[in-house]
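*Asks:* sharing a model that was predicted from the sequence below.
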Amino acid sequence: MLIEKFIKKGKEFLGCKYPIMCGAMTWVSDPNLVSAVGNAGGFGLLAGGNAPVEVLEKEIIATGKMSGHPFGVNLITLAPGYESQLDLVCKMNCKVVAFAGGIPKKREIHRVKESGANAICFAPTAPVALKLIDRGADALILEGSEAGGHIGPVALSILIQQILFQVDSVPIFIAGGIATGRMMASVLMMGAAGIQMGTRFVMSEECIVHPKFKEVFRKANARDAVATPHFDSRLPAIPVRALKNEGTIEFAKLQLELLNRLDNQLIDRQKAQFEVEEFWVGALRKAVIDGDVSKGSLMAGQSVGLVDEIQPLKQIIDEMIEDAESELQRLKSILVDK
């Protein structure tokens, strides 16, 4: 297969059959989904989120038992239990540790590397990408603002030109708005080591989200996935892309309330930021577990407009590879003289 030439670097780095990563989605990327992705040939990331360290430890152990394939753990650097989670993943010899939600310190990246794991960092802008490489990141994930959940400020098309085209010292994985094999083939030809998807994997049979959550995804259009507003730099709330509902309106009200409390010195910035993250964790649980699609958080990338059916996870990955291969062969037939 022609695609083997393009995925070699990514699959060797991750230790899997196909360099298709399943993004770490809080309440979604659990041992069941992560192990199923690995068993289907991809690479899953457990969501550390705000999980207590003892819960995360159980999930790492459970995932290992359910799958004999490599997987990673995603840590949010702004989470209250981040340092304890970092201690845990270093102790448990994880294959990959992904840092999200902020820029990890150099010593934190090197702790992961010294444990034998590869450190992957999210790069939302070109300056951050260069800083992360300087601090020792083994690979980068370029996540465009088309993605679901917490997002950066720059569209994927710009990040590709600013970073992927300029950096060749570490493997780079592409995320944000990817849901088809044809798009995967395109970024592989541009030099990407692989891709990361989240929204499409939500629509797998193995994903445990509430049926109502999946049904909303099935009916949604790309324009329905909107980014939350950011009112003031004093409250460094990272924008979140989700399907608009009562929950997104409630989040806007929460930001205004927290800014008022900051003005009156009733709360400090760190506590305010934790309240923001606690809101999302609670709102996401409402939607994912309880099926409250009105007030819960429906985090979704704009690729939700490309997904309209629930499929077995292996079928999703096989379809991605088959379609990517078809696209590469199509382009080869155009470029090669007959």
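*Replies:* Structure's in. What do you need? Numbers count the residues shown, from 1 in each chain.
*Asks:* how about Lys286, what does it touch?
*Replies:* 247, 292, 295-297 (CB atoms under 8 Å, 6 or more residues apart in numbering). (C-beta placed from N, C-alpha, C; glycine too.)
*Asks:* quick one: average pLDDT of the longest helix that the chain contains?
*Replies:* Taking DSSP state H as the assignment, the helix of the chain that covers the most residues is helix 313-335. Throughout helix 313-335, pLDDT has a mean value of 97.
*Asks:* can you check stretch 150-158 too?
*Replies:* For stretch 150-158, mean pLDDT is 92.
*Asks:* identify the residues contacting the closest residue to Asp323 other than its chain neighbours.
*Replies:* In this structure, Asp323 finds its nearest non-sequential neighbour in Gly181, 2.6 Å apart by CB to CB, 6 or more residues apart in numbering. Shown in contact with Gly181 (CB under 8 Å, 6+ apart): 319-327.
*Asks:* if we use 10 Å, what do you get?
*Replies:* By CB atoms under 10 Å, 6 or more residues apart in numbering, the residues touching Gly181 are 3, 20, 195, 317-328.
*Asks:* pick the one among the residues you listed closest to Lys106.
*Replies:* Of all the contacts of Gly181, the one sitting nearest Lys106 is Ile195; the distance, using CB to CB, is 27.5 Å.
*Asks:* how many neighbours does the closest one have?
*Replies:* When neighbours are defined as other CB atoms under 10 Å, Ile195 has 26 of them.
*Asks:* helix/strand/coil for it?
*Replies:* What DSSP: H, G, I helix; E, B strand; the rest coil gives for Ile195 is strand.
*Asks:* would you map the helices across the stretch 1-150 of the chain?
*Replies:* For the stretch 1-150 of the chain, the helices defined by DSSP state H, counting those that start in this stretch cover 3-14, 31-39, 53-66, 82-91, 106-114, 126-134.
*Asks:* pipe those helices into JSON lines and attach mean neighbour count, distance to Val216 and mean pLDDT per row.
*Replies:* Listed next are those as JSON lines, based on neighbours: other CB atoms under 10 Å; distance: least, CB to CB, whole Å; pLDDT from 0 to 100:
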{"stretch": "helix 3-14", "mean neighbour count": "18", "distance to Val216": "31", "mean pLDDT": "97"}
{"stretch": "helix 31-39", "mean neighbour count": "23", "distance to Val216": "18", "mean pLDDT": "97"}
{"stretch": "helix 53-66", "mean neighbour count": "16", "distance to Val216": "26", "mean pLDDT": "96"}
{"stretch": "helix 82-91", "mean neighbour count": "18", "distance to Val216": "30", "mean pLDDT": "95"}
{"stretch": "helix 106-114", "mean neighbour count": "16", "distance to Val216": "36", "mean pLDDT": "96"}
{"stretch": "helix 126-134", "mean neighbour count": "17", "distance to Val216": "32", "mean pLDDT": "94"}
